[in-house]
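J.: Can you look at this prediction? I've put the sequence above it.
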Amino acid sequence: LKGFNDSRAVEPLNQALHDENDANSWIRRNAVVALGGLRDPRVVEPLIQMLRDDSSWEVQESAAMALGKLNDTRAVGPLIQALGDDDDNVQGSAAEALGKLNDSRAVVPLIQALYDEDSWVRGMAAEALGKLNDTRAVEPLIRIIEDEDSWVRGMAVEALGKLNGTRAVGPLIQVYEDPGAEVKWE
């Protein structure tokens, strides 16, 4: 359905979200993806409902990604709640979506996600904070440039580079000069 954008599809796809015969959640997941591609404001609430559907992390993850594409701030609160989900895939996708929505309400919850036990969640939170361009993230991002995971360190360095905070210059120079830092520079 890529490139398909017909508002007449909203109701049938919305009905597919509640398919009781969908044992493996593929119908609902694909309906979520299709709804997200419609860019219709009517799809936000159904996608928020699917974000809360704890019967399938795939549906929740797809809902988070779809909500991130819609640029509708009604999704910010539910996505912040999804940062606390039990599934790391849902948490990481929620962080990524929050970065796309450019809403300052997400800054503090994303800073908290920098300390999640899962490296993907930490990295996605760092990336999102770089997109939000809020200086409250500078100090927490400086702290995680020493993360145990090199990908997370790289995401933190990239985010700090986007924030242009003068406080980050010294730590970034240290990372650059440290041959053992194992940070991918692009």
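T.: Thanks, I have it. Numbering: from 1, shown residues only.
J.: Show me what the helix or strand containing Ile142 is packed up against.
T.: Using DSSP states H and E, the element containing Ile142 is helix 138-144. When contacts are defined as 3 or more CB pairs under 8 Å, 6 or more residues apart in numbering; DSSP states H and E, helix 138-144 packs onto helix 119-132, helix 150-163. Just so you know, the C-beta spots here come from the backbone N, C-alpha and C atoms, and that holds for glycine as well.
J.: who's in contact with the first one?
T.: Residues outside helix 119-132 that contact it (CB atoms under 8 Å, 6 or more residues apart in numbering) are 83, 88-89, 91-93, 95-96, 98-100, 102-104, 106-107, 110-111, 113-116, 137, 140-141, 144, 147-149, 151-152, 154-156, 158-163.
J.: How many residues are close by Val108?
T.: Val108: 14 surrounding residues under other CB atoms under 10 Å.
J.: Tell me the secondary structure of it, please.
T.: Counting by DSSP: H, G, I helix; E, B strand; the rest coil, the backbone at Val108 sits in helix.
J.: pretty sure Pro109 is touching Ile80, no?
T.: Yes. Pro109 is within contact range of Ile80, at 4.7 Å (criterion: CB atoms under 8 Å).
J.: Mutual contacts of those two, please.
T.: With CB under 8 Å, 6+ apart, Pro109 and Ile80 have common neighbours Leu98.
J.: on that earlier part again, quick check: buried residues in the helix holding Ile142?
T.: Residues Val138, Pro140, Leu141, Ile142, Ile144 are the ones in helix 138-144 that count as buried (16 or more other CB atoms under 10 Å).
J.: ditto for stretch 156-165
T.: Ala156, Val157, Glu158, Ala159, Leu160, Leu163, Gly165.
J.: Let me know the average pLDDT across it.
T.: Average pLDDT, stretch 156-165: 86.
J.: and what of stretch 79-92?
T.: 97.
J.: Can you give me the first-to-last residue distance of that stretch?
T.: Counting by CA to CA, to the nearest Å, you get 10 Å between the two ends of stretch 79-92.
J.: ok, now stretch 17-37?
T.: Termini of stretch 17-37 sit 15 Å apart (CA to CA).
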